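> here are the coordinates; sequence isn't available:
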Ligand code: WTA
């Protein structure tokens, strides 16, 4: 990272302190940082008290066999009991757990905690009846319907680790996950609604099952929710394997006595995408994970369980849906919105209408969504009353300052704190984030590790870099929700996360970051997305952010392409805002000049291509690998994980027609 680049990033001088009122009523105050630093285990033990334990732990942390941690050793608990039963037992059975909003307009359901308890118990009984026992793995491949949450909690209740596979993944992706964790059963639906039409899921399960059978793997049972009522196809039902949810679950008893499991009992396996080769099955266990999810949800979102209506737009197929729809919020007895569909169906204001209709107070989404709304213009959100909002969150990628400001001003009415939360599938819960009642937020910075977490930015030797410098993001102390291993591959676990800074014993996150002059952390993106241009390190994110700050630009993706002179050169793919039309004749020169001005000559893109779309995975991440192929004039690689595989054709055609 060049000093020039760093000083430019540090130019961000806007600060957003919480209002006096917010600060005074905040769940977590400034003193928590010191309290946690002085007694880390004591602090986490205190957080663990927010759960119900059948048997209390004997030891908070066993870190003897590094990097294999055990938290709350000897403790026993049940995750589903903590997320549902105990709220009912405490007299909150009538409290709404979910305001569920189906994609078809007016297709809604309201589900209380008491109803959730009955449904989870019925599903747990049904699963056991189908032969699923403690320790068996169950795959879940579902749309965003209440049964998806019920299925996860039913698995947790009987101690059968779930592996949720995002419904947008292909049959191939599902098959490889089924085989990797040797799943005994699959829970799915006939389909779900996406962009106004039913999208089938069950046929992909059939296909995946055939693929795994060819590898000697048997899926014994497939439990199917009828959601859309769509035709399952000619060979779409196998009586020996397939069971309707409404037959098995609806008829099961709502009484189910739960067993309490060891704190280290596996809760779930979540596969991460994006890496080459075999997907990595990230293993989370019960006690530490639930403590991490519940504490962070309470602290970072300043949860007021009596009055808040919380909405996280993530899909339960990703870790964000696990920690911040199911486990964290439900352990905390939160009232939530759960939405099935896409943000723009049937119209572009759908999300804002949901916020208005349900009086959402706390909203958690991803920068990529925010940028696409920016592109459409503020007239759309401005039509809705979103005065119920009191906090906004962002996750998944660095949020560029312009998007942060737009989010805060247009969605948050310039009143509410924005928390930019950094974490990973592997970390299980939020690690770096502002505390909304304490931190004076800076647009673009995730700020500092939350109380109980220790993060740093280090150089190649693992030494902490001084303020104003960049390096690798590491976590220097264990934390309860940390991954325990990669499913079936302890060596890969050690190698991927713990070998880079083995001497210091740090967890290597794979992200580049910098500390600004105040010591606040700016996450710059994956280290593999960091370019080296003429010996200077440049972040793709940073250049994208510069491009997006230009008034004509809606979205940008930057890759480092091989260059004979400089090693790598910056190549940018840019989507213009609708109102900018084609940008004018000199748009490319204008943007190059803009980047020079924003960051410095070193960052000037060698090439800027104006495109209509960017290739994104189904989780919204830009696939820079494919753009690198275009920039380096290679044949375009594997496009199977793209949300829309025709995008690459559009980009290639646009280039060959000289646009
Ligand atoms: C990136 C999602 C900057 C980062 C919870 C990380 C972020 C990866 C942020 C994990 C953020 C996530 N600012 N970058 N606030 N949040 N990332 O496993 O590169 O899907 O390593 O977990 O997303 O992605 P994952």
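Nice, thanks for sending it over. The structure displayed is predicted, hence computed values, not measured ones.
> mind listing the residues bridging to the residue of the stretch 451-600 of the chain found nearest the ligand?
With C-beta to the nearest ligand atom, the shortest gap between the stretch 451-600 of the chain and the ligand falls at residue 523, namely 3.6 Å. No exception for glycine: its C-beta is placed from N, CA and C like everyone else's. Beta-bridge partners for residue 523, by DSSP bridges, are residue 513.
> that one: how many residues sit nearby?
When neighbours are counted by other C-beta atoms under 10 Å, residue 523 registers 24.
> tell me the pLDDT of residue 226.
Looking at residue 226, its pLDDT reads 98.
> which residue of the protein sits farthest from its center?
residue 585 (39.2 Å; C-alpha atoms, centre = their mean).
> after the helix or strand of the chain with the lowest mean pLDDT, next one along is what?
The weakest-scoring helix or strand in the chain, judged by mean pLDDT, DSSP states H and E, is helix 3-9 (a mean of 49). Counting by DSSP states H and E, the next helix or strand C-terminal to helix 3-9 is helix 20-24.
> same question for that next one: list its buried residues.
Neighbour counts using 16 or more other C-beta atoms under 10 Å place 22, 23 of helix 20-24 among the buried residues.
> so, low pLDDT: which residues of this protein?
1-11, 273-278, 528-530, 532, 534-538, 565-567, 654-659 (pLDDT under 70).
> all strands of the stretch 51-200 of the chain, in order?
Along the stretch 51-200 of the chain, counting by DSSP state E, counting those that start in this stretch, strands occupy 59-62, 70-73, 76-77, 96-101, 108-112, 138-141, 162-164, 185-189, 191-194, 197-200.
> burial count for the nearest residue to residue 490 once chain neighbours are set aside?
Take residue 490 and drop its neighbours on the chain: the residue closest to it by C-beta to C-beta, 6 or more residues apart in numbering is residue 68, 7.7 Å away. Other residues near residue 68 come to 15 when the count uses other C-beta under 10 Å.
> any idea how far residue 68 lies from residue 209?
34 Å (C-beta to C-beta, to the nearest Å).
> cool, residue 396 as well?
31 Å.
> do residue 242 as well
Residue 242 sits 10 Å away from residue 209, going by C-beta to C-beta.
> again with residue 262
Per C-beta to C-beta, residue 262 is found 32 Å from residue 209.
> residue 615 reaches residue 621, doesn't it?
No. Residue 615 lies out of contact with residue 621 (C-beta atoms under 8 Å); the separation is 9.8 Å.
> higher neighbour count, these two?
More crowded of residue 615 and residue 621, by other C-beta under 10 Å: residue 615, with 28 against 18.
> let me see the contact set for the more buried one.
Applying C-beta atoms under 8 Å, 6 or more residues apart in numbering, we find residue 615 in contact with 622, 623, 626, 627, 639, 642, 647, 648, 651.
> the fifth one should be in a strand, yeah?
No. Secondary structure assignment (DSSP: H, G, I helix; E, B strand; the rest coil) places residue 639 in coil, not in a strand.
> JSON lines for the contacts of residue 615, including distance to residue 305, neighbour count and secondary structure?
Shown next, in JSON lines, are those (distance: C-beta to C-beta, whole Å; neighbours: other C-beta atoms under 10 Å; DSSP: H, G, I helix; E, B strand; the rest coil):
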{"residue": "622", "distance to residue 305": "36", "neighbour count": "22", "secondary structure": "strand"}
{"residue": "623", "distance to residue 305": "39", "neighbour count": "23", "secondary structure": "coil"}
{"residue": "626", "distance to residue 305": "44", "neighbour count": "25", "secondary structure": "helix"}
{"residue": "627", "distance to residue 305": "44", "neighbour count": "25", "secondary structure": "helix"}
{"residue": "639", "distance to residue 305": "44", "neighbour count": "17", "secondary structure": "coil"}
{"residue": "642", "distance to residue 305": "40", "neighbour count": "16", "secondary structure": "strand"}
{"residue": "647", "distance to residue 305": "42", "neighbour count": "19", "secondary structure": "helix"}
{"residue": "648", "distance to residue 305": "46", "neighbour count": "20", "secondary structure": "helix"}
{"residue": "651", "distance to residue 305": "47", "neighbour count": "21", "secondary structure": "helix"}
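> and those, which two are the farthest apart?
Pairwise distances across the contacts of residue 615 (C-beta to C-beta) peak at 13.3 Å, for the pair 622 and 639.
> kindly list the main-chain dihedrals of the closest residue to residue 327 other than its chain neighbours?
Leaving aside its sequence neighbours, residue 327 sits nearest to residue 293 (C-beta to C-beta, 6+ apart; 4.3 Å). Dihedral pair for residue 293: phi -70, psi -40, per degrees, to the nearest 10.
> which SS class is the residue farthest from the centre of the chain?
coil.
> show me what contacts it?
With C-beta under 8 Å, 6+ apart as the criterion, no residue contacts residue 585.
> near the ligand, which residues of the stretch 151-300 of the chain are found?
Residues of the stretch 151-300 of the chain lying near the ligand by C-beta under 6 Å from any ligand atom: residue 272.
> dump the residue contacts of the closest residue to the ligand within the stretch 151-300 of the chain.
Proximity of the stretch 151-300 of the chain to the ligand (C-beta to the nearest ligand atom) peaks at residue 272, 5.6 Å away. Residues near residue 272 by C-beta under 8 Å, 6+ apart: 279, 280, 282, 425, 426.
> didn't the first one look like it was pressed against residue 177?
Yes. Here residue 279 lies in contact with residue 177, judged by C-beta under 8 Å, at a distance of 6.4 Å.
> the two: which has the busier surroundings?
A direct count of neighbours by other C-beta under 10 Å for residue 279 and residue 177 places residue 177 higher, at 25 against 18.
> now that one: how far from residue 145?
Applying C-beta to C-beta to residue 177 and residue 145 gives a distance of 21 Å.
> how about stretch 356-370: buried residues?
Per 16+ other C-beta under 10 Å, stretch 356-370 contains these buried residues: 356, 358-370.
> that one close to the ligand?
No. Against the ligand, stretch 356-370 shows no contacts by C-beta under 6 Å from any ligand atom, the least distance being 8.0 Å.
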